[in-house]
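A.B. asks: Any chance you can model this:
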Amino acid sequence: MITISDKADQVTAINIFTVESPEHQQRIVDFLVENKEIPMRQPGFISASVHTSLDGKRVINYVQWHSQKDMEVAMKDQDFIAMKEKVGNFAPHDFNFYQVVVTMEA
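C.D. replies: Numbering: from 1, shown residues only. Sure thing, here's the model as predicted:
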């Protein structure tokens, strides 16, 4: 279940791609959807969300894991490595790991 909460003990990988056009944006989205089973079959995978900017210039891939160890194990899987390398060739990107420290609701 997708949960963004400072009370959830999870780790998040956020990958931000910078692209030239909405067409390039869609290529990344299509690739991530076509290859969704690779991260989904990794131990500790919780969810993935793909966001596109309204200006057509960015794609954000937000992936939640049960723990940092689970993420590290996934990063050693050959299919996961190949997927990460292929999607990385689409556009310049920034990839980092995060924890939720504050959430606010209305």
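
A.B. asks: Confirm D79 sits in a helix?
C.D. replies: Yes - under DSSP: H, G, I helix; E, B strand; the rest coil, D79 sits within a helix.

A.B. asks: Next one: it relative to N35, how far apart?
C.D. replies: 9 Å (Cβ to Cβ, to the nearest Å). (Glycine included, C-beta is placed from N, CA and C.)

A.B. asks: More neighbours: which of the two?
C.D. replies: Neighbours were counted for D79 and for N35 using other Cβ atoms under 10 Å; N35 has more, 17 against 14.

A.B. asks: what pLDDT does that one get?
C.D. replies: At N35 the predicted local confidence, pLDDT, stands at 96.

A.B. asks: Ok, D6 next?
C.D. replies: Reported pLDDT for D6: 83.

A.B. asks: Secondary structure element for it, which one?
C.D. replies: Using DSSP states H and E, D6 falls within no helix or strand.

A.B. asks: shift numbering so it begins at 3
C.D. replies: Renumbered: residue one is now 3, and that last one reads D8.

A.B. asks: Nearest residue to I48 in space, ignoring adjacent ones along the chain?
C.D. replies: In space, and not counting its chain neighbours, I48 is closest to Q66: 4.1 Å by Cβ to Cβ, 6 or more residues apart in numbering.

A.B. asks: Any idea what that neighbour is bridged to?
C.D. replies: T14, S49 (DSSP bridges).

A.B. asks: quick one: contacts for it?
C.D. replies: I4, T5, Q12, V13, T14, F47, I48, S49, A50 (Cβ atoms under 8 Å, 6 or more residues apart in numbering).

A.B. asks: now do F82
C.D. replies: F82 neighbours (Cβ under 8 Å, 6+ apart): I40, P41, Q44, A76.

A.B. asks: H95 reaches A15, doesn't it?
C.D. replies: No - if you go by Cβ atoms under 8 Å, H95 and A15 don't touch, sitting 11.6 Å apart.

A.B. asks: ok so, going back, give me the buried subset of the contacts of Q66.
C.D. replies: Among these, those buried by neighbour count (16 or more other Cβ atoms under 10 Å) are Q12, V13, T14, F47, I48, S49, A50.

A.B. asks: pretty sure the last one contacts V65?
C.D. replies: Yes - between A50 and V65 there is a contact under Cβ under 8 Å: 4.6 Å.
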